[in-house]
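Trainee: Return atomic coordinates for the entry below.
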Amino acid sequence: MLKFEELKIFLDEKADQYNHPEFIENDPIRIPHRFSLQQDIEIAGFLAATISWGNRKAIIKSADKMLEVMGNSPYDFVLNHSEKDLKEIQDKSIHRTFNGEDFIYFINQFKRIYSQHESLEDLFTVHNPETNFGHAIERFRTQFLGTEKHRSHKHVSSPYKNSSTKRIIMFLRWMVRKDKRGVDFGIWENIDPKYLSIPLDVHTGNISRKLGLISRTQNDWKTVEELDLVIRTFDDKDPAKYDFALFGLGVTKELL
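Mentor: Numbering: from 1, shown residues only. As a prediction, the model looks like this:
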């Protein structure tokens, strides 16, 4: 087991190694990197993050499929699509349990939200004295999904139900983190990166346990908060940079 200073040095080195433009090519973040308009980045990013489970190549392929349907102009499509456009999506297979019906639901929710807000950032504001995005994610869910039950609600996880909400937290890292590496966008200027957490999945969870960063065996919201406490002692201004270290170590199996 590495001591605190040794562990910090090791994770800083790995974060530096993997937080590099080469990371983009094989990661779902390549999907929003096609765009320059903020709303295009947000929509493409949120859709790509939403289907980010399973093989990364398959995720990218499925996200490509969604963008093709949207004419590779997601914001314009959200605002100006026709009923005929939506009918053509209805029976499409998108990605695993995310189907055409879910895709249409998300498009309609985006249209409603963007008719009221310039950016999705408005829906993720963190309030004092909150220390992470837990409550903000739940507020987002309420505004984005509404109160009427729909099958698509299962695709937007809830920290209140003890989900790790890995995909939303990953999306938030993309939008909020600010550095000059060219991977994360950092286009949301009004949210402090200090509130970000590590997107907890099989890779980051297993490596975190191997390094002694967490003791809980489940990959749930309580474990996200457990990891928060440790990671923020290494860097309380940019804790999410360690996602690159933990994920990179997990994918490369460097510590096995």
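Trainee: element containing residue 40, please.
Mentor: Assignment of secondary structure by DSSP states H and E places residue 40 within helix 38-50.
Trainee: scratch that, residue 67
Mentor: Using DSSP H and E, residue 67 sits within helix 56-69.
Trainee: where in the protein is pLDDT low?
Mentor: For the chain, residues meeting the criterion pLDDT under 70 lie at 1, 256.
Trainee: other SSEs contacting the helix holding residue 40?
Mentor: With contacts defined as 3 or more CB pairs under 8 Å, 6 or more residues apart in numbering; DSSP states H and E, helix 38-50 has these neighbours: helix 56-69, helix 74-80, helix 100-114, helix 166-176. No exception for glycine: its C-beta is placed from N, CA and C like everyone else's.
Trainee: Which positions in the helix holding residue 67 come out as buried?
Mentor: Buried residues in helix 56-69, counted by 16 or more other CB atoms under 10 Å: 59, 60, 62, 63, 65, 66, 67, 69.
Trainee: Residue 87 versus the nearest residue to the fifth one once chain neighbours are set aside, what's the distance?
Mentor: It refers to residue 65. In space, and not counting its chain neighbours, residue 65 is closest to residue 94: 6.6 Å by CB to CB, 6 or more residues apart in numbering. Taking CB to CB, to the nearest Å as the criterion, residue 94 is separated from residue 87 by 15 Å.
Trainee: Looking at these two, which one has more neighbours?
Mentor: Comparing residue 94 with residue 87 by neighbour count (other CB atoms under 10 Å), the higher total belongs to residue 94, at 20 against 11.
Trainee: quick check, that one in a strand?
Mentor: Yes - remark: residue 94 belongs to a strand, assigned using DSSP: H, G, I helix; E, B strand; the rest coil.
Trainee: what about the nearest residue to residue 234 once chain neighbours are set aside, which SS state?
Mentor: Sequence neighbours aside, residue 8 is the residue nearest to residue 234 in space, at 4.8 Å (criterion: CB to CB, 6+ apart). Under the three-state scheme (three-state DSSP), residue 8 adopts helix.
Trainee: So what's the residue count around residue 8?
Mentor: For residue 8, the number of neighbouring residues by other CB under 10 Å comes to 15.
Trainee: Please apply the same query to residue 26.
Mentor: The criterion is other CB under 10 Å. On that basis, residue 26 has 12 neighbouring residues.
Trainee: and the helix or strand where residue 141 lies, what other elements does it pack with?
Mentor: In this assignment (DSSP H and E), residue 141 forms part of helix 134-145. Of the remaining helices and strands, those touching helix 134-145 by 3+ CB pairs under 8 Å, 6+ apart are helix 100-114, helix 166-176.
Trainee: Noted, bye for now.
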